[in-house]
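fold the following for me, if possible:
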Amino acid sequence: RVGSKVKVKVNGKEKTFDIVGSNEADPLSGKISNESPIGMALIGAHAGDKVNVKTPTGTTAYEVIEIG
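The predicted model follows:
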């Protein structure tokens with residue numbers, strides 16, 4: 001949900017995202033909008049889930065490690 005901090009593994013690397021509203025989004029700072037493709041895929045996910053995110057460059061698999 002909005003306000004969550006989500007740690008994921010993607011392409012062998014760990015990344016942490018803050019899910020925020022569209023007005024606060026700043027992808028370069030790790031703040032992704034709940035309306036973005038990644039944000040929508042992670043909303044409702046749980047630790048251990050794997051989600052596929054469809055973006056203009058293709059589909060990428062994200063493994064949810066931790067949600068805080």
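
relative to its centre, which residue of the protein is most distant?
Centroid-distance maximum for the chain: Asn23 at 16.6 Å, with CA atoms, centre = their mean.

what helices and strands are in contact with the helix or strand hosting Val6?
Using DSSP states H and E, Val6 sits within strand 5-10. Counting contacts by 3 or more CB pairs under 8 Å, 6 or more residues apart in numbering; DSSP states H and E, strand 5-10 packs against strand 13-20, strand 58-67. Where C-beta positions appear, they are placed from N, C-alpha and C, glycine not excepted.

okay, angle between that strand and strand 13-20 too, please.
Here the directions of strand 5-10 and strand 13-20 differ by 150 degrees (axes from the mean of the first three to the mean of the last three CA atoms, to 10 degrees).

pull out the buried residues from strand 5-10.
For strand 5-10, the neighbour count (16 or more other CB atoms under 10 Å) marks Val6, Val8 as buried.

pairing partners for it, with directions?
strand 13-20 (antiparallel), strand 58-67 (antiparallel) (DSSP bridges).

pull the residues that contact the last one.
The set of residues external to strand 58-67 that reach it, using CB atoms under 8 Å, 6 or more residues apart in numbering, is 4-11, 14, 38, 41-42, 45-53.

same check on the first one?
Around strand 13-20, the neighbours that count as contacts under CB under 8 Å, 6+ apart are 1-9, 30-34, 38-39, 42-43, 65.

list buried residues within those residues.
Ser4, Val6, Val8, Ile32, Ser33, Asn34, Ile38, Gly39, Leu42.

so what's Val53 bridging to?
Thr60.

residue contacts, it?
Val53 sits in contact with Pro37, Ile38, Ala41, Thr59, Thr60, Ala61, Tyr62, where contact means CB under 8 Å, 6+ apart.

what's the spacing between it and Ala25?
15 Å (CB to CB, to the nearest Å).

and Ser36, by the same measure?
Here Ser36 is placed at a distance of 7 Å from Ala25 (CB to CB).

so the residue farthest from the centre of the chain, which of the three states?
Taken by DSSP: H, G, I helix; E, B strand; the rest coil, the conformation at Asn23 corresponds to helix.
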